[in-house]
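Student: Sharing a model that was predicted from the sequence below.
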Amino acid sequence: MADPRLTVVAAGGVGGDGPEDAGPAFYFDFAVPDAYLAAERILSLMPVPCEWRPVRATALADGVGAIDRDAVVATAEARGLQPVHWPDPLPFDSELALLAACFAKAGGKTVSFSLAAFRQAYAGGRALTEETVLLAGAACEIHPRALLKGVELKASRTELDRLTDEAVSRGVRSVPAVWTGADVLHGDAALERAAAALN
């Protein structure tokens, strides 16, 4: 039986995509450990750049989903990542971190901020509270005061709403997911197939 996390969804007619939205995209939410696994390798796997797009997993059809802690730990170990330390609670409320990622996106720092935040959560074992989000911001040279103001901006919330709505309209049911420009491929283990599709 096929793994439901490795599904491909044919694109429907989605209007309103601007030029910056036409290329491949990587959808993620910090509350999903599989998204951490995907984030740690997507840059080296994809033959073309994918824009990183933070979205609310809770707004997607399959939500955050069940977390297989043993599988995540084993995969991280097999890939030579830092040992997994679980944040408490899990899943945690990722809204603040998602807003911070949207603010970082405006300054071209989505990837560096998001990797730092993922590592705080799953290597450091810290839920993404304000303190932890500020640490992730500092790691990519976003000043704490700027970040605290940035997450309060209407523009940051509007962007998170927009990206989440876009993901839903493209058929993203769960994260991590890659939009190839024609299809959605779900799950960390589907990244190789996404890379082949984009090659």
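Tutor: The structure has been received and is ready for your questions. Residues are numbered from 1 along each chain as shown.

Student: Can you report phi and psi for the residue most central in space within the chain?
Tutor: Centroid-nearest residue in the chain, with C-alpha atoms, centre = their mean: residue 28, separated by 1.9 Å. Torsion angles at residue 28 (phi, psi; degrees, to the nearest 10) stand at phi -150, psi 160.

Student: Next one: the closest residue to it other than its chain neighbours from residue 79, what distance?
Tutor: Setting aside the residues directly before and after it, residue 28 is nearest to residue 35 in space (C-beta to C-beta, 6 or more residues apart in numbering), at 4.1 Å. Just so you know, the C-beta spots here come from the backbone N, C-alpha and C atoms, and that holds for glycine as well. Using C-beta to C-beta, to the nearest Å, we find residue 35 at a distance of 15 Å from residue 79.

Student: Between those two, point out the one with more neighbours.
Tutor: residue 35 (29 against 10; other C-beta atoms under 10 Å).

Student: Surely that one is in a strand?
Tutor: No: using DSSP: H, G, I helix; E, B strand; the rest coil, the assignment for residue 35 is helix, not a strand.

Student: Could I get the full set of helices for this protein?
Tutor: 33-39, 42-45, 69-78, 95-106, 110-122, 130-139, 144-150, 154-169, 191-198 (DSSP state H).

Student: Include distance to residue 59 when you put those into CSV, please.
Tutor: Converted to CSV, the helices of the chain look like this (distance: least, C-beta to C-beta, whole Å):
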stretch, distance to residue 59
helix 33-39, 15
helix 42-45, 22
helix 69-78, 23
helix 95-106, 11
helix 110-122, 18
helix 130-139, 20
helix 144-150, 21
helix 154-169, 5
helix 191-198, 22
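
Student: need these in TSV with distance to residue 182 and mean pLDDT, can you?
Tutor: TSV is the format used below for the helices of the chain (distance: least, C-beta to C-beta, whole Å; pLDDT from 0 to 100):
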stretch	distance to residue 182	mean pLDDT
helix 33-39	19	98
helix 42-45	18	96
helix 69-78	28	98
helix 95-106	24	97
helix 110-122	23	98
helix 130-139	33	98
helix 144-150	33	98
helix 154-169	14	98
helix 191-198	8	96
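
Student: tell me the most buried of these?
Tutor: helix 33-39 (a mean of 25; mean count of other C-beta atoms under 10 Å).

Student: If you count contacts, what does it end up packed against?
Tutor: strand 25-28, helix 69-78, helix 110-122 (3 or more C-beta pairs under 8 Å, 6 or more residues apart in numbering; DSSP states H and E).

Student: Could you check how far it is from the centre of its chain?
Tutor: 7 Å (C-alpha atoms, centre = their mean, to the nearest Å).
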